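> What follows is a predicted structure for the sequence shown.
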Amino acid sequence: MKYNNQSKNNGSAKKLYQKFRYGLVKRHFYYLTSNSRVLPNFFVIGGVRCGTTSLYHYLNQHNCIVKSAYDELGYFDDNFHLGLNWYRSLFPMKSTRAMVESKYKKFLTYDVTPFYIYNPTVVDRIFKFSPDTKIIGILRNPIDRAYSNYNGQIQDEGYAKSTFEKVVHAEVDKIEKSKNDPENYGFLVDEFYEMILARGFYAKQLEYWFKKFPRKNILLISSENFANKTVETLSRIFNFLDIPDQKIIDLTKQNKIVYPKMKNSTRDFLVDYFKPYNEKLFELLGERFDWQN
């Protein structure tokens, strides 16, 4: 029995090594062929826990769209130092573009990184990279987004030993204090958007994007509409991208996590807290989302 277990362990280690080695060879090939690869036509910028993983799964089923090597590339924020050749190596070959265009008339590939929405530096970098590109954002009721984010961090990272209520009140205190101290408010870009509540201040985040990109090049949808009217929302996205409407076969929701219901008292508090921030967003967009509770 001991020998069998040791054999199994050796076999598992060998498989892991082979997988790692294959990954290195594959990445090396991608990098060597980077000059023969295309760059993205559009961006999905976020937000976190708003449905970008599901959107990535659905978009990749469209005949005219070819995905990047993986999602959440993060080139324009954390990985910018790796350079354009590294970034280009993650996208399809030019020969793939030619093949898709010959068959379906249109070809698109894209970068989906849900943290892009939070960082003004990313806005400047993407604008310099491609000023005429198209931008898609998914915005979720900030209360549900924050609670999902909290629970996701617990399950993925063992992040929060504090209760959601303690995290909420600690962040509210920190945010309010920063408003009264202009020097402290500069942490808006860094620490601020590591906070699960501040990630729901969509109007402030989108102001940067609207200053750089034409409004007609930015499509913003609510997570709730995306979840409840998926087919209609996808048709809207395809129209925005100027590609034919297409029935998406697999509409399975991605990256779902299960967690307890939020306390009613906490939700009531957050409804009042986020109300002015949501009103600023609706004014900015010229439309309202159904985020009453």
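Looks like it arrived, so ask away.
> who's in contact with residue 55?
Contacts for residue 55 were tallied using Cβ atoms under 8 Å, 6 or more residues apart in numbering; they are 44, 112, 136, 138, 226, 237. Just so you know, the C-beta spots here come from the backbone N, C-alpha and C atoms, and that holds for glycine as well.
> Now do the strands in the stretch 151-293 of the chain.
Under the criterion DSSP state E, counting those that start in this stretch, the stretch 151-293 of the chain contains strands at 218-222.
> which stretches of it have low pLDDT?
Within the stretch 151-293 of the chain, the stretches with pLDDT under 70 are 155-160, 181-192.
> quick one: terminal-to-terminal distance for stretch 47-61?
Using Cα to Cα, to the nearest Å, the end-to-end distance of stretch 47-61 comes out at 21 Å.
> any idea how far residue 139 is from the residue nearest the centre of the chain?
With distances taken as Cα atoms, centre = their mean, residue 114 lies nearest the centre of the chain, 1.9 Å away. Shown here: residue 114 relative to residue 139, a distance of 11 Å by Cβ to Cβ, to the nearest Å.
> any shared contact partners between the two?
With Cβ under 8 Å, 6+ apart as the test, residue 114 and residue 139 both reach 47, 50.
> Next, count neighbours for residue 162.
Number of residues near residue 162 (other Cβ atoms under 10 Å) recorded here: 12.
> do you know how far it is from residue 292?
From residue 162 to residue 292 the distance is 28 Å (Cβ to Cβ).
> Which residue ranges of the protein form helices?
For the chain, the helices defined by DSSP state H occupy 2-32, 52-59, 84-88, 94-104, 120-129, 142-157, 164-179, 202-212, 223-228, 230-240, 264-285.
> what mean pLDDT does the first one have?
So the one you mean is helix 2-32. Here helix 2-32 scores 50 as its mean pLDDT.
> Is it correct that residue 239 is in contact with residue 245?
Yes - with contact defined as Cβ atoms under 8 Å, residue 239 reaches residue 245; the gap is 7.2 Å.
> residues contacting the residue lying closest to residue 274 once chain neighbours are set aside?
Nearest residue to residue 274 in three dimensions, chain neighbours excluded: residue 142, at 5.0 Å (Cβ to Cβ, 6 or more residues apart in numbering). Each residue near residue 142 by Cβ under 8 Å, 6+ apart is listed here: 197, 199-202, 270, 274, 277-278, 291.
> give me that answer again for 10 Å
47, 50, 149, 196-202, 270, 273-274, 277-278, 281, 291 (Cβ atoms under 10 Å, 6 or more residues apart in numbering).
> likewise residue 86?
Residue 86 makes contacts with 27, 30-31, 34, 73, 75, 79-80, as judged by Cβ under 10 Å, 6+ apart.
> change it to 8 Å
Residues near residue 86 by Cβ under 8 Å, 6+ apart: 31, 34, 75, 79.
> if I pick the second one, what's in contact with it?
The one in question is residue 34. Shown in contact with residue 34 (Cβ under 8 Å, 6+ apart): 85-86, 88-89.
> Restricting to C-alpha, output stretch 96-103 in CSV.
Extracted in CSV, the C-alpha atoms of stretch 96-103 (Å, rounded to 0.1, in the frame of the first residue of the first chain):
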residue,chain,number,x,y,z
THR,A,96,-6.3,33.2,-37.7
ARG,A,97,-7.7,36.7,-38.3
ALA,A,98,-7.4,36.2,-42.1
MET,A,99,-9.2,32.8,-41.8
VAL,A,100,-12.1,34.2,-39.7
GLU,A,101,-12.5,37.2,-41.9
SER,A,102,-12.6,35.1,-45.0
LYS,A,103,-15.4,32.9,-43.5
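> give me the number of residues near the nearest residue to residue 271 once chain neighbours are set aside?
Distances taken as Cβ to Cβ, 6+ apart put residue 293 closest to residue 271, at 5.7 Å, once the chain neighbours are dropped. Residue 293 has 11 neighbouring residues, counting by other Cβ under 10 Å.
> Now do the same contact list for residue 113.
Taking Cβ under 8 Å, 6+ apart as the criterion, residue 113 is in contact with 43-46, 71-77.
> From these, list just the buried residues.
The neighbour-count test (16 or more other Cβ atoms under 10 Å) marks 43-46, 71-76 as buried among the contacts of residue 113.
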